[in-house]
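K.L.:
coords please:
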Amino acid sequence: PTRLPTDPGPGPVGLFESIAAGEVDTLWTVAANPAVGMPNTAPVRAALDDVFLVVQDAFRTPTVEYADVVLPAATWGETGGTLVSMDRTVSRVRPSCDPPGSARRDASIIASIAGRLRPNAVDDTVGPEALFAELAGLTAGTPADCTHVTYARLESDGSIRWPRTAAVGFDCDDSAPQRSEYRYRDPDGGFTFPTTDGLARFSTARHRSPPEPPDDRFPLVLTTARRSDAYNTGVRSGGDDELLPVRVAPTTHNASADGVDGADRAVVVSRRGRVDARVVADERVPDGVVWAPIHHPDVNRLTLDAVDPESGEPAYKACAVRLDRN
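P.N.:
Got it, this is the predicted structure:
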């Protein structure tokens, strides 16, 4: 325990800065794709080249190309265990098939490595029931206490939404703290929250201007967002777009001052990089904004690696760019 860090670390952006500074020798990624998923990917890729990189993944991501060691992992459909959803539902998940080749469950891989580092410290055959029991035990006495959700109940009922003890989809008059589908809801339809007066607490956010506002050289704002037909860095969902697809307001698309002048191709340029793009006019996009999907492997060549001072979340949603003719 004395060797465990006592602070939360530098965060994802700071981690790669630490690698560049020579403070990190080895990086082990699990189901992550920083080579294209991190903001401002040029220095990130340089760091991946410099560090001893272990990649644990079920897919051949761009990050795998930088790996010194690859640990093939099973997908969710090839492993069993539990899934905890954002609606507080704990579900029992069963595999549909065995992992192919030498692929193994994430827990098995991690336990094996731990056993090499300290023999007999971890059982490398640890199963999902033991893992869930440890997880549930750690929630004891917290607002998310789910110690009453046992693996045996999940085996028989399939899923349970804590703090109820009844299976999801069935009403049950039992001793759960709340029997409603909605947490904190009273039998009379009202709500009582765990505060001194029973009322919910709302907090206001402080506005901070974007760390990189547009200017004469980069007069537009690039914002990135999701598409319904794609997932994260696009490795699993794929795509046919060789060029970065961007959307701009019709006024921006027709403004020769921005160097586009109605063209369907352009180069999106930021202070960190340039990316060839296919430009589409879209009246839903505000004037002065360039919209791009997060899923394209080139988009984060442009994005800003500034972070929120409280959450450490990178500023993916706003950076200054311009559109040049291709």
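K.L.:
any idea how far residue 23 is from residue 319?
P.N.:
27 Å (CB to CB, to the nearest Å). Placement of C-beta: from N, CA and C, glycine included.
K.L.:
okay, these two: which has more neighbours?
P.N.:
Neighbours per residue, other CB atoms under 10 Å: of residue 319 and residue 23, the larger number sits with residue 319, 28 against 10.
K.L.:
ok, the more buried one - contacts?
P.N.:
Shown in contact with residue 319 (CB atoms under 8 Å, 6 or more residues apart in numbering): 210, 212, 221-222, 270-271, 302-304.
K.L.:
hey, what's it bridged with?
P.N.:
residue 222 (DSSP bridges).
K.L.:
roughly how far does it sit from residue 43?
P.N.:
Applying CB to CB to residue 319 and residue 43 gives a distance of 15 Å.
K.L.:
go on, residue 267?
P.N.:
Distance, residue 267 to residue 43, by CB to CB: 21 Å.
K.L.:
do a quick rundown of the helices in the protein.
P.N.:
11-20, 34-37, 41-50, 106-117, 128-138, 151-157, 250-253 (DSSP state H).
K.L.:
which of these sits closest to residue 231?
P.N.:
Proximity to residue 231 (CB to CB) singles out helix 34-37 among the helices of the chain, at 11.6 Å.
K.L.:
what does that closest one contact?
P.N.:
Identification of contacts with helix 34-37 by CB under 8 Å, 6+ apart yields 12, 16, 41, 44-45, 48, 61-63, 65-66, 232-233, 297-298, 300.
K.L.:
could you export that helix as PDB, CA atoms only?
P.N.:
Only the C-alpha atoms of helix 34-37 are listed here, as PDB (Å, rounded to 0.1, in the frame of the first residue of the first chain):
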ATOM      1  CA  PRO A  34      -5.100   7.700 -27.400                       C
ATOM      2  CA  ALA A  35      -3.300   7.800 -30.700                       C
ATOM      3  CA  VAL A  36      -6.400   9.300 -32.200                       C
ATOM      4  CA  GLY A  37      -8.700   9.900 -29.200                       C
END
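K.L.:
what mean pLDDT does that helix get?
P.N.:
Averaged over helix 34-37, pLDDT sits at 96.
K.L.:
residues of that helix that come out buried?
P.N.:
34-37 (16 or more other CB atoms under 10 Å).
K.L.:
so how far is it off the chain centroid?
P.N.:
12 Å (CA atoms, centre = their mean, to the nearest Å).
K.L.:
what of stretch 232-239?
P.N.:
From the chain centre to the centre of stretch 232-239 is a distance of 13 Å (CA atoms, centre = their mean).
K.L.:
dump the residue contacts of the residue sitting nearest the centre point of the chain.
P.N.:
Central residue of the chain (CA atoms, centre = their mean): residue 232, 7.5 Å from the mean position. Counting by CB under 8 Å, 6+ apart, residue 232 makes contact with 33, 37, 294-295.
K.L.:
where does the stretch 51-200 of the chain have low pLDDT?
P.N.:
Along the stretch 51-200 of the chain, the parts satisfying pLDDT under 70 run over 164-181.
K.L.:
tell me the strands in it, going along the chain?
P.N.:
52-57, 69-72, 81-84, 89-93, 159-161 (DSSP state E, counting those that start in this stretch).
K.L.:
mind giving me the packing neighbours of the longest one?
P.N.:
Yep, that's strand 52-57 we're talking about. Where contact means 3 or more CB pairs under 8 Å, 6 or more residues apart in numbering; DSSP states H and E, strand 52-57 is packed against strand 26-30, strand 69-72.
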